[in-house]
Structures are given as structure tokens and as C-alpha cells.
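> Give me coordinates for this.
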Amino acid sequence: MDMGTGHKDRIAAAIAALPHSSPSAGFKGRVLAAIAAQAAADARLGWALKGLAALTVSWAGLLSLAAAGPLYRFAADYAPLALEPGGISQLVKILGARAALLAGKLSASVSLARELGAAALAYLPPAHEIAIAALLSAAVIRMATVRGTAAQRI
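Have a look, this model is predicted:
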């Protein structure tokens, strides 16, 4: 079956006459702008996550440095005691007493932090809340690692 040129022209004209909707003016520009906005939002989220990761790593490093001294002193104080005859049971008693004192200090610190936090949350912007949290953390670390005389440690 041979379709002549006239038949092809009629088919093309019929297809062109079909009703169809076309996008409004500026559609392509709006789509590209939305894609660019999403890419920018993804980039900002990436930077925020990198900053948060850097902050977390720096705080972990700072806490490690702060804990190294007390851990060294702890080992230096109690290792000779463990080497003596009957020293292990005495060491367990001393460590139990220190743990009870530390639990009391921690309980008081948490109570104080909760009260201060409740007061601060009502009136302060987030930057000040972060500063108070950092100060409370430093106070808890200081209270847990404060050194007394030998009689107070036992």
C-alpha cells in the first residue's frame, strides 16, 4: 500500500489539529530555579553537618584532654595499693566510697543544672543556653576531678 505525499500531509495536519496543552510561559525557568534552590539547600545542609561534626570532634578531644590528668593520677594513687597483700579488697572499699561520693556530687549537679536550665530556657536565646550548658559541663568535670587531702580521699 503506497501512501502518497498527500496522505502524509493530511495525517500531519490531523495530528497538528489535535488539542493539547503546552506549558505556560517561563515553565522551564521555574523548574530550573527550583532545581537550583534544592541544590543550594543540600549544599547548606552539607556545610551544617560538617560544622556539627567538627564541633563534636573538638569537644570529644577537649574532654579527652581533661580526663587524661585525673585518670593518670587515679592510676598513680591506687596501683601501689593493689600490689600490697590484701590490697585488692581495700582498693574495692575505697573505690566504692569514692563512687558513692561521686554519685552524690553528680546528683546535686544534675539538680542544679535542671533548675538553672529551667530558668534559662524561659528567657535566654539559644546561644546563651549553649554557653550555660558548656559552663555546667565544665563545673561537673571540675567537681568530679577535684583533689583533696589524703584523708579526704579515703
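> Only C-alpha atoms from now on, for both contacts and neighbour counts.
Fine.
> could you pull out the helices for this structure?
5-17, 27-83, 87-123, 126-145, 150-153 (DSSP state H).
> what angle do the longest one and helix 126-145 make?
The reference is to helix 27-83. Relative orientation of helix 27-83 versus helix 126-145 (axes from the mean of the first three to the mean of the last three C-alpha atoms, to 10 degrees): 10 degrees.
> So what's the gap between helix 27-83 and the chain middle?
7 Å (C-alpha atoms, centre = their mean, to the nearest Å).
> Where does pLDDT dip in the protein?
1-6, 23, 120, 147-154 (pLDDT under 70).
> Where do the domain boundaries of the chain fall?
29-81, 84-154 (automatic domain parsing).
> Can you lay out those as TSV showing distance to Ala16?
As requested, the domains of the chain are exported to TSV (distance: least, C-alpha to C-alpha, whole Å):
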stretch	distance to Ala16
domain 29-81	26
domain 84-154	62
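> out of those domains, which comes closest to Ala14?
domain 29-81 (31.2 Å; C-alpha to C-alpha).
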